[in-house]
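[1] need coordinates for the following:
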Amino acid sequence: MALNIQYGVSTWLWTSPFTTASIDELFPKIARMGFEVVEIAVEDPALIDVQAINRGLEQYGLKANICGAFGPSRDLTNDDPTVHQNCFDYITACLDICVGVGTAFFGGPMYSAVGKARMVPPDQRKREWDLAVTNLRKVSELAAARGLQIALEPLNRFESDLVNTAADVLRMVNDINHPAAKIMLDGFHMSIEEKNIEQAIRTAGNQLIHLQVSENYRGTPGTGQTPWQDYRKGLEAINYRGTVTIESFTPDNKELAGAVCFWHPMADNQDDFATEGLRFLKDWAR
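    Next up, the predicted model:
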């Protein structure tokens, strides 16, 4: 039986940061390629006109998901409460964009800053964990007040020292203990951190509301070592019905490429990355 999923692709595959000007460039070809969902990576909410996005979505028959970017100035585990407030302000703006474009959740590793990977004492780790839980409960309340959920994403050990696995993020969701707090998983991070992909998906269970995929080397789906049948078995086991989104990055933006350690292109061109990846995923899901 075919998986009951929708297919999405991240704007990060082509551009950074996403702006209103990106709409005319990206939406037509994303629709033409056969994707149903465009995942908009919001780095700066001020660069985005929600009404323009909605016009583009309607014109090209697309739906939108929204994910966030969390650097040092958006760190809910920072010792400085003003940093927390900056993160709350950013998340609030992103939640309002979610409402504006009609998506159901805001996703990303919003518990801490990406790249915060250190060896710290257990008491500091617990303090930062508890701080993330407390602050994410506030974020969950902000989301719920708008009829939304948040989808927390584990990152690999080189990008986070707080939440790395499905078991980690499930523990955080359980500690937050709010119905708006849910899970998203990313296959690239899972390829580094998980012992068993199927079991990781089963661990996330009915809390999993979003899945991002690429190959183990962050390249085109179907060209690497990813155990795709284990993904399928896991998704079937939990009756997953959300979106499977291709997420990777463009090497053309040097700042972004440096942040994600893209020292060379992962495909001949980004359009081929998307079209060949989608073709593989549709075969895989049949």
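[2] just give the number of residues close to residue 150.
    For residue 150, the number of neighbouring residues by other Cβ atoms under 10 Å comes to 29. In short, each C-beta sits where N, CA and C put it, glycine included.
[3] contact partners for the nearest residue to residue 111 once chain neighbours are set aside?
    Spatial nearest neighbour of residue 111, chain neighbours left out: residue 132 (4.2 Å); criterion: Cβ to Cβ, 6 or more residues apart in numbering. Shown in contact with residue 132 (Cβ atoms under 8 Å, 6 or more residues apart in numbering): 76-77, 111-112, 162, 172.
[4] now do the helices in the stretch 151-286 of the chain.
    166-176, 187-193, 197-204, 228-237, 254-259, 270-285 (DSSP state H, counting those that start in this stretch).
[5] pLDDT of the helix or strand hosting the residue nearest to residue 111, averaged?
    Assessed by DSSP states H and E, residue 132 sits inside helix 122-145. Average pLDDT, helix 122-145: 98.
[6] repeat for stretch 108-116
    Here the average pLDDT along stretch 108-116 is 96.
[7] from the chain's centroid, how far away is that stretch?
    For stretch 108-116, the separation from the chain centroid amounts to 11 Å (computed by Cα atoms, centre = their mean, to the nearest Å).
[8] buried ones in that stretch, by neighbour count?
    108-114, 116 (16 or more other Cβ atoms under 10 Å).
[9] can you list the helices of the stretch 151-286 of the chain in JSON lines and add distance to residue 35, mean neighbour count and mean pLDDT?
    Shown next, in JSON lines, are the helices of the stretch 151-286 of the chain (distance: least, Cβ to Cβ, whole Å; neighbours: other Cβ atoms under 10 Å; pLDDT from 0 to 100):
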{"stretch": "helix 166-176", "distance to residue 35": "26", "mean neighbour count": "20", "mean pLDDT": "98"}
{"stretch": "helix 187-193", "distance to residue 35": "17", "mean neighbour count": "21", "mean pLDDT": "97"}
{"stretch": "helix 197-204", "distance to residue 35": "22", "mean neighbour count": "21", "mean pLDDT": "98"}
{"stretch": "helix 228-237", "distance to residue 35": "18", "mean neighbour count": "18", "mean pLDDT": "98"}
{"stretch": "helix 254-259", "distance to residue 35": "21", "mean neighbour count": "14", "mean pLDDT": "68"}
{"stretch": "helix 270-285", "distance to residue 35": "6", "mean neighbour count": "18", "mean pLDDT": "98"}
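[10] which among the ones you listed is found nearest to residue 59?
    helix 270-285 (19.3 Å; Cβ to Cβ).
[11] can you give me the angle that closest one makes with helix 228-237?
    Orientation of helix 270-285 against helix 228-237 (axes from the mean of the first three to the mean of the last three Cα atoms, to 10 degrees) gives an angle of 60 degrees.
[12] sorry, back to before: distance to residue 14 added to the helices of the stretch 151-286 of the chain, as a markdown table?
    Output for those, formatted as a markdown table (distance: least, Cβ to Cβ, whole Å):
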| stretch | distance to residue 14 |
| --- | --- |
| helix 166-176 | 28 |
| helix 187-193 | 18 |
| helix 197-204 | 27 |
| helix 228-237 | 24 |
| helix 254-259 | 11 |
| helix 270-285 | 5 |
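[13] out of those, which is closest to residue 70?
    Taking those one by one with Cβ to Cβ, helix 254-259 is closest: 11.4 Å.
[14] re the thing from before, roughly how far does the residue nearest to residue 111 sit from residue 95?
    The gap separating residue 132 from residue 95 is 18 Å, by Cβ to Cβ, to the nearest Å.
[15] again with residue 208
    Residue 208 is 20 Å from residue 95, by Cβ to Cβ.
[16] give me the buried positions along the helix holding residue 132.
    Buried residues in helix 122-145 (16+ other Cβ under 10 Å): 128-129, 131-133, 135-137, 139-140, 142-143.
[17] of those, just say which sits nearest to residue 152.
    residue 136 (7.3 Å).
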